Structures are given as C-alpha cells and as structure tokens.
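> next come a sequence and a model predicted from it.
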Amino acid sequence: MPASLSPPAVAADAIDRPARRLSRTCLVLAFVLVPAVAGVLALGWPESLSSAMPELGANVDLANLPRWRSGLIFVLALIPALLMAAALLEAGRCLAAFARRQYFSAETVRHMRRFSACVFWAAISGVGVPTLVILIATTAGPGPATLTISLGSDDLFLLLFAGISWQIASVLGRAVALAEDHAQIV
Amino acid sequence: MPIVVKLDVMLAERKVRSKELAEFIGITEANMSLLKQGKVKGIRFETLASICAYLRCQPGDLLKFEPEDTAEG
C-alpha cells in the first residue's frame, strides 16, 4: 500500500468545495470591506460617524472640526475595518489551501494564526479607536474633555473568537507535526 | 537509532534490485532508499510483511537491535 496522507476522495470533496466557496467569499469581502466602510463614512460625513458613535455626536460639533482632525478621525475609524479585511484575507488563503487539499501544512497554520491575530487586534481596535476618536474630537473644543472607554459584548465575543481560533491553529500545528511524522513511516 | 535496517544486505543476498522490491510492495523508490538507510521513523507491518514475502526472510533478518553505546551512527 502506498504511503499517502490523502484522504478518501469523497471526504475530500466534502471539504474542498465548501472551502473553495468560503475562500472566494472571504477574499471578495476582504477587498470590498474597507472601500465600503470608507464610502459609507465619507458620503454621510459627519452624520455617519455620529450615528456610529452617538455619545460623540451628542457632545462634539463634528461638522466644525478642523480638517486635519476630521481626516485623522476618518483614518482611525477605518483601522478596525482594515484589520478585519486582513483577517478575511488570511481566512481566505487558509481556506484556499484547504481547497487544494493541503490540510496539514505549515502554510495553513501560518494563515490561521495570522487570522486569529488580526481578529484579536480588530477587537482591540474596536475598543481603542472610539476612545482615540473621542480624545481627538473633544480636545478640539474649549472646556473639560471626558474620555470614555466602552467594552461591549461584541468586542468580548470577538476576543473570545480570536482566542478559540488561535487555539485551533495550535491544534492544527500539532496535526502538521503528526502528519510529518506519519509521512516518515513507510 | 538502536534499530539498524539490514535491508540492503538481504537485497544483495537475494540479488534483488531496490526498484523491483519497491514496485512489489507499492512504495516509491525514494522511500525505499530512505528505508534502506534507516532514515525513516517507522515501518508498517504491511510493508514489512510484503518485504519478507518477496525476499523469503523473517523480520529479524531485516532489522537488528544495537544498543545506543555500541550502535554505529
């Protein structure tokens, strides 16, 4: 019997077709997400920002902020979307490797780890960016500035998801080591 | 590794070529070469049985245990 790690064709088909579809979806979303978020923010500025951050809109006159502050806030507001796009790109690459039937390879582990890291930093930026935006916006006007940090269940779930996917990547890394050992048994 | 593979000795004794044996048991020549050099982590019973059947020998004729302190390489 030939020494091979290839799973049965039927089982592999059940993995690679959905993996290919999911990979394409992730890659399309990765390239669409940032322009879409930027477009929504830019077209509806500054109402788009105040609707996303009501506490900011209520306290600061966003329409009369200096241009450089508005620009900085706009760029900062894109950071979570950029990180999520990077996460989607890594997920797409990982799934593309699955679709090529490279289930246990260093490449898939690397993409999975990068995906987890991007999701983690997206969650962190989801907490940090609004705080920075408030800091930049409120220090523009006279009077005392109030800095608020809000941590919602969405952020916590995203952090939990990042932790779980990192753990899965670690298990996949162990599977890669086992597969390499298995390949050395004739 | 205290297990020494003596496959090359048996192949020479039986005047069998590696390629011929590799084809019979269904492994690649590269894997056969690694097996002959003892550069594998293990051997399946199925592979061992096929080799024994083809070379008309016993597993003991192919593998030898040499304790670490006396093992060569």
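Structure received. Numbers count the residues shown, from 1 in each chain, chains lettered A, B, ... in the order given.

> which helix is the longest one in the chain?
If you meant another chain, say so; for now it's chain A. helix A:9-43 (DSSP state H).

> wrong one, I was asking about chain B
Secondary structure assigned by DSSP H gives helix B:45-55 as the longest helix of chain B.

> which strands or helices does that one pack on?
Taking 3 or more CB pairs under 8 Å, 6 or more residues apart in numbering or on different chains; DSSP states H and E as contact, the helices and strands that helix B:45-55 lies on are helix B:7-14, helix B:18-25, helix B:59-62. All C-beta atoms are positioned from the backbone trio N, CA, C, and that covers glycine.

> packing partners of the longest helix of chain A?
Under the contact criterion of 3+ CB pairs under 8 Å, 6+ apart, helix A:9-43 touches helix A:47-52, helix A:67-99.

> mind running it again at 6 Å?
For helix A:9-43, the packing partners by 3 or more CB pairs under 6 Å, 6 or more residues apart in numbering or on different chains; DSSP states H and E come out as helix A:67-99.

> which secondary structure elements does the helix it packs on contact?
Counting by 3+ CB pairs under 6 Å, 6+ apart, helix A:67-99 packs on helix A:9-43, helix A:106-138.

> kindly calculate the angle that the helix or strand just after the last one makes with helix A:106-138.
Secondary structure here is assigned by DSSP states H and E; on that basis, the next helix or strand after helix A:106-138 toward the C-terminus is helix A:153-183. Angle of helix A:153-183 versus helix A:106-138, following axes from the mean of the first three to the mean of the last three CA atoms, to 10 degrees, is 160 degrees.

> let me see the mean pLDDT of helix A:153-183.
Across helix A:153-183, pLDDT averages out at 93.

> that one packs against which elements?
Counting contacts by 3+ CB pairs under 6 Å, 6+ apart, helix A:153-183 packs against helix A:106-138.

> and the helix it packs on, what does it pack against?
Identification of packing neighbours for helix A:106-138 by 3+ CB pairs under 6 Å, 6+ apart yields helix A:67-99, helix A:153-183.

> can you list those in TSV and add mean neighbour count?
Converted to TSV, these look like this (neighbours: other CB atoms under 10 Å in any protein chain shown):
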stretch	mean neighbour count
helix A:67-99	19
helix A:153-183	14
